[in-house]
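Undergrad: build me a model from this:
(2 chains)
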Amino acid sequence: MGRYVPYLLFGLVGLVLLGIGLFSGRFVLYLTMRVMLLSIFALGYNLLLGRTGLLSFGHAAFFACGSYGMSLCFLHVTPNPLVGVFAGVCLAVLAALIIGFFCVRHTEIYFAMLTLAFGMMVFSLVWNLRSITGGDDGLVGIGRAPCLGFPIARDSQFYFMVLVFFALTVWVIHRIRSSAFGLVLAGIRENPQRASFAGVSVRLYRLAAFVISGAFAGLAGSLAAMLESNTNPFSAHWTHSAEPVLVSLIGGLQTFSGPIVGSVIFVVLREIIERFATNWMLWFGILLLVIIMGFRGGAMGRIEAFFARKATPRGEEGRP
Amino acid sequence: MSTPLLQVDHLSKAFGKVVTANNLSFEIHAGQITSIIGPNGAGKSTLINMLSGSVSVDEGRVFLKGKEITHLPTHRRVRLGLCRSFQVVNVFPALTVYENIQIPVLSQAGKAHHFFRSLSREVKAEERVMEELERVNLVKQAHTLAGKLSHGDQRLLEVAIALAVRPFLLFLDEPTAGMNPVERAEILENIRRLSAGGRTTFVIVEHDMDIVFSLSDRVMVLYRGEIICDGSPDHVKSDEKVRECYLGEEVV
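TA: Modelled structure (predicted):
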């Protein structure tokens, strides 16, 4: 009985998201789409951070690859949104393969710094290649042509495209986490040396996790370009790389739904704080402090631990 | 005679001026339990590290079943059938005992890269994991976190992980350190049985001379990076040089 609760909850969330799409005003629609995009970004990212144990500060680069890949495809090749998304993801995967190839040779702080360095390189490329990327203006006028015959020009229509990709992401990430590959990634996080003596090529699996997370960053980026109908060069900036880190931390690194819950908290709280205070970063910093010092394991981590304790008295369950 | 399981050819390694392996050449034949003994700093650990791929060699070559493995990365050697356990506890602490065994089993079966197939559908792997757990008597603790096991059980699990890749050649680095007598007897029994089973050949680094002389078919004595004696336990026991350098009064 208890093991069906998560599926029920996800069904419920799905219904709520459908309801929002059908009955909400533009503002809530927009906000929900932002939450879903950040969730896609963070769900992929947490496969690398929470599961494989690698902290990257360069994933904004792949988000931007998605944005610019999608936009360039729209402007120069075809307005077809699916082709655009595919182009964006492909560009992100390519970038993740190249950057990851160099980064996974190192771990911990060296890995983090290398990803940061590569991220900054991508940002400066985006900033300086004016003829291609539009420099500080970004690329503008990204339209939304019909997708498989469905019009997506209005936000209330585009919402369902985002929802489909969000659901797809949740499903794929769930499959990966409950697969042999997902377990091996957890093993690499726990003890890379032991993993290699179990016959696993640690470097190759780290690269795979890196590329998968990069692909989802690219997916989020390409959808974001369509949502905002332009690309923002600062989406490649390293400060943007911190977002999935924070979101995963808030929601819970070792949980599946953590990045989603974290995204809701992040976007909604930011919206609320910005209404009342000018400096939302200050208040957000304070909140983060409370979560990190008081709620180790993040919001979902705490909730799961609470129910696990109720179910089994000792609460001794693995966290692959 | 057929090709030896492991052939080491003029292997040398120095860390700065400290020579830890000086022109070592030896062979290991299938089915023979070999012990490597020697005083601290004799180069036993370095030798195992070199053979298993953690430390690069300066000179010389290593062959596993006639195939050169001198410069292969660790995981490739493991896939070819060479594995090791460690002196210190080296498990996946935040995973359950079951998952600890699952990883090497999946990897050995070539299924570790299945990224879209639920683990619950890897039925064959499941059976093998239970087999391995039964062998070391850890079935009851299958769903305990490895980090929460007793020290002895963690050592047992460690050996079980190494065995789960079904190696042809397994180096055990002080396999009984920190175990109580019951666990010790159990692990030794396991080694004997598996060795008799014929698939896995064991090479053991051990300080406990009782274990070494009762278990081994062959004993190699390392001293300052050189093999000073190599032969049957009785031969080694009676060797003058070995007594001088290492065994001292203990055995006499």
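
Undergrad: where's the residue nearest the centre of chain B relative to residue B:208, distance?
TA: The centre of chain B sits closest to residue B:171, judged by CA atoms, centre = their mean, with a distance of 1.7 Å. Distance of residue B:171 to residue B:208, given as CB to CB, to the nearest Å: 17 Å. For glycine as for every other residue, the C-beta is placed from the backbone atoms N, C-alpha and C.

Undergrad: flag every residue of chain A that's near chain B.
TA: With CB under 8 Å from any CB of the partner chain as the criterion, chain A meets chain B at residues A:172, A:175-176, A:178-184, A:186-187, A:190-191, A:193-202, A:205, A:208, A:316-320.

Undergrad: what about the strands in chain B?
TA: Taking DSSP state E as the criterion, chain B carries its strands at B:6-15, B:18-28, B:34-37, B:59-64, B:67-68, B:82-84, B:169-173, B:201-205, B:218-223, B:226-231.

Undergrad: looking at the ones you listed, which one is packed in the most?
TA: strand B:82-84 (a mean of 26; mean count of other CB atoms under 10 Å in any protein chain shown).

Undergrad: and the next helix or strand past the longest helix anywhere in chain A?
TA: For chain A, the helix that runs over the most residues, judged by DSSP state H, is helix A:202-228. As assigned by DSSP states H and E, the chain's next helix or strand after helix A:202-228 is helix A:238-251.

Undergrad: residue contacts, the spatially most central residue of chain A?
TA: Residue closest to the average C-alpha location in chain A (CA atoms, centre = their mean): residue A:41, at 1.3 Å. For residue A:41, the contact set (CB atoms under 8 Å, 6 or more residues apart in numbering or on different chains) comprises A:59, A:63, A:216-217, A:220-221, A:243-244, A:247.

Undergrad: for residue A:304, give me the pLDDT.
TA: We have a pLDDT of 81 for residue A:304.

Undergrad: tell me who's in contact with residue 38.
TA: Using chain A here. A:220, A:243-244, A:247, A:263, A:266-267.

Undergrad: please go with chain B instead
TA: Neighbours of residue B:38 in contact, by CB under 8 Å, 6+ apart: B:44, B:221-223, B:246.

Undergrad: distance-wise, check it relative to chain A.
TA: As judged by CB to the nearest CB, to the nearest Å, residue B:38 and chain A stand 23 Å apart.

Undergrad: cool, residue B:180 as well?
TA: Counting by CB to the nearest CB - residue B:180 and chain A are separated by 23 Å.

Undergrad: that residue and residue B:152 touch, don't they?
TA: Yes: look at residue B:180 against residue B:152 with CB atoms under 8 Å: they come within range, at 5.7 Å.

Undergrad: quick one: which of those two has more around it?
TA: residue B:152 (17 against 12; other CB atoms under 10 Å in any protein chain shown).

Undergrad: for residue B:142, give me its contacts.
TA: B:96-98, B:133.

Undergrad: now that we have those, which one has the most neighbours?
TA: residue B:97 (30 neighbours).

Undergrad: so what's it up against?
TA: So residue B:97 contacts B:133, B:138, B:141-146, B:149, B:157 (CB under 8 Å, 6+ apart).

Undergrad: widest-spaced pair of the residues you listed?
TA: Spatial extent of the contacts of residue B:97 (CB to CB) is set by the pair B:133 and B:145 at 14.9 Å.

Undergrad: all helices for chain B, in order.
TA: With DSSP H as the criterion, chain B has helices spanning B:44-52, B:74-80, B:97-108, B:123-135, B:151-164, B:181-197, B:209-215, B:233-237, B:240-242.

Undergrad: helices and strands around the shortest one, which ones?
TA: For helix B:240-242, the helices and strands in contact under the criterion 3 or more CB pairs under 8 Å, 6 or more residues apart in numbering or on different chains; DSSP states H and E are strand B:226-231.

Undergrad: where does pLDDT dip in the stretch 101-250 of chain B?
TA: B:247-250 (pLDDT under 70).

Undergrad: enumerate the residues of it near chain A.
TA: B:102-104, B:106-108, B:111-120, B:122, B:125, B:143-145, B:148, B:161-162, B:164-165.

Undergrad: 10 Å instead, please
TA: B:101-122, B:125, B:143-148, B:158, B:161-162, B:164-167 (CB under 10 Å from any CB of the partner chain).

Undergrad: mind giving me the ChimeraX select for those, buried ones only?
TA: Remark: buried members of these, expressed as a ChimeraX selection using 16 or more other CB atoms under 10 Å in any protein chain shown:
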select /B:101,102,103,104,105,106,107,108,109,111,112,113,114,115,119,122,125,144,145,146,158,161,162,164,165,166,167
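
Undergrad: mind checking how far the residue lying closest to residue A:91 once chain neighbours are set aside is from residue A:76?
TA: Excluding the flanking residues, the one nearest residue A:91 by CB to CB, 6 or more residues apart in numbering or on different chains is residue A:69, at 3.4 Å. Plainly put, residue A:69 is 11 Å away from residue A:76 if you go by CB to CB.

Undergrad: pretty sure residue B:75 contacts residue A:195?
TA: Yes: at 8.3 Å, residue B:75 and residue A:195 qualify as touching, with contact defined as CB atoms under 10 Å.

Undergrad: and for the two, which residues touch both?
TA: A:201-202, A:205, B:107 (CB atoms under 10 Å, 6 or more residues apart in numbering or on different chains).

Undergrad: now for those, which pair is the farthest apart?
TA: A:202 and B:107, at 11.2 Å, using CB to CB across the shared contacts of residue B:75 and residue A:195.

Undergrad: next, show the common contact partners of these two.
TA: A:184, A:187, A:195-196, B:75.

Undergrad: which of those fall within helices?
TA: A:184, A:187, A:195-196, B:75.

Undergrad: dump these into CSV; add pLDDT as well.
TA: Output for those, formatted as CSV (pLDDT from 0 to 100):
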residue, pLDDT
A:184, 96
A:187, 95
A:195, 94
A:196, 93
B:75, 93
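
Undergrad: distance to residue B:30 and neighbour count added to the residues you listed, as a markdown table?
TA: Below are those laid out as a markdown table (distance: CB to CB, whole Å; neighbours: other CB atoms under 10 Å in any protein chain shown):
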| residue | distance to residue B:30 | neighbour count |
| --- | --- | --- |
| A:184 | 30 | 31 |
| A:187 | 30 | 31 |
| A:195 | 27 | 26 |
| A:196 | 25 | 24 |
| B:75 | 23 | 21 |
